[in-house]
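Novice: pasting the structure only:
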Ligand code: NDP
């Protein structure tokens, strides 16, 4: 032990240090998503399924949400209104309306209106998507075009429209909802597979072009997820086979996808860009 007494200032510093190291550690949440509070997100196709789950998760983090859907009748309007009221219950601002993602000019005005209504754009989730399955030799032009235009053109139009906002503020998070069928394929889905593989290409190109302005662009590739689209459009036999094929032996839930989207929008993922994360219970293994 040294004979020389510590100076008063040094003693205080040692005591402060001891206080710090003996203080009860505060548990930290695994996912740091506080950075999303007060931000503004656009979710395309937010009126049901995966888009709805993503919109709700973002709102739970305090993010103001704009979402679009395709008005094809009373049912789609009612679903959209229900989601809007669920979001408002979380005390965030909400902007929603029908906007066909296949139409470049409609997407442009939706983005401009989101900026006016909610004050900026920080997050974009390109989720709107459809399938029109048939063998390629029987596939009608309109079934090819509808899928490519919704799943790929729509994501491009939205990405291009938000880019000036995100580049100017040097901050942005873009997440594209692709599919395991953008990575592998099956019989009868050439339009869907091509659109989702194209979306992975768009993800990587956007990551390269927008990265220098601190904008992260990533893709999430779900396997079979229990949404109305799936339960109404896919036979029980195919769903059983999907369950058997996946390592975890189950289908996904929309919230399984939403959690990963949230992670990619959080600061925990600040160094991830151009990535494709499968959320498929081990389906593609
Ligand atoms: P849903 O059919 O449940 O929801 C699709 C959403 O997109 C709805 O809000 C729909 O609006 C909207 N939409 C469709 N076409 C347009 C359009 N032209 N313009 C604007 N909005 C549109 O789909 P899921 O939740 O199942 O799928 C969401 C995404 O996840 C899709 O991209 C899909 O390919 C992908 N995915 C889904 C999987 C699954 O198993 N469910 C698996 C892998 C990927 P409206 O309801 O008004 O028609």
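Specialist: Nice, I can see it. Just so it is clear, the structure is predicted and the values come from calculations on it, not from any experiment.

Novice: ok, which stretches of the stretch 1-150 of the chain are helices?
Specialist: 8-22, 49-60, 74-88, 104-118, 141-148 (DSSP state H, counting those that start in this stretch).

Novice: neighbours of residue 101, how many?
Specialist: 27 (other C-beta atoms under 10 Å). All C-beta atoms are positioned from the backbone trio N, CA, C, and that covers glycine.

Novice: show me the strands in the chain, by range?
Specialist: 40-44, 64-69, 94-98, 123-126, 172-177, 215-222, 276-279 (DSSP state E).

Novice: and the ones you listed, which is most packed in?
Specialist: Most buried of the strands of the chain by mean neighbour count (mean count of other C-beta atoms under 10 Å) is strand 123-126; its value is a mean of 30.

Novice: what lines up beside that strand in the sheet?
Specialist: Paired with strand 123-126 in the same sheet, following DSSP bridges, are strand 40-44 (parallel), strand 172-177 (parallel).

Novice: ok, and what's touching it?
Specialist: Strand 123-126 is contacted by residues 36, 39-44, 51, 54, 58, 63, 154-155, 158-159, 162, 172-177, 199, 261, 265 when judged by C-beta atoms under 8 Å, 6 or more residues apart in numbering.

Novice: sorry, back to before: how about the strands paired with strand 123-126, which one is nearest the ligand?
Specialist: Nearest to the ligand among the strands paired with strand 123-126 is strand 172-177 (4.3 Å), distances taken as C-beta to the nearest ligand atom.

Novice: ok, the residue of the stretch 101-250 of the chain found nearest the ligand to residue 146 distance?
Specialist: The stretch 101-250 of the chain approaches the ligand most closely through residue 129 (2.1 Å), counting by C-beta to the nearest ligand atom. Between residue 129 and residue 146 the distance is 11 Å, computed by C-beta to C-beta, to the nearest Å.

Novice: who's more crowded, those two?
Specialist: Counting neighbours by other C-beta under 10 Å for residue 129 and for residue 146 shows that residue 129 has the greater number, 26 against 17.

Novice: how about the closest residue to that one other than its chain neighbours, what does it touch?
Specialist: In this structure, residue 129 finds its nearest non-sequential neighbour in residue 151, 4.7 Å apart by C-beta to C-beta, 6 or more residues apart in numbering. By C-beta under 8 Å, 6+ apart, residue 151 lies in contact with 128-130, 192, 195-196, 198-199.

Novice: can you check residue 134 too?
Specialist: Applying C-beta under 8 Å, 6+ apart to residue 134 gives the contacts 140, 143, 188.

Novice: show the pLDDT at it.
Specialist: The per-residue pLDDT reported for residue 134 equals 97.

Novice: phi first, then psi, for it.
Specialist: Backbone geometry at residue 134, expressed as degrees, to the nearest 10, gives phi -170, psi 160.

Novice: how many neighbouring residues does residue 169 have?
Specialist: If we define neighbours as other C-beta under 10 Å, then residue 169 has 14 of them.

Novice: and the residue nearest to residue 144 when sequence neighbours are not counted, how close does it get to residue 34?
Specialist: Nearest in space to residue 144, with sequence neighbours left out and distances taken as C-beta to C-beta, 6+ apart, is residue 191 at 4.8 Å. For residue 191, the distance to residue 34 (C-beta to C-beta) stands at 41 Å.
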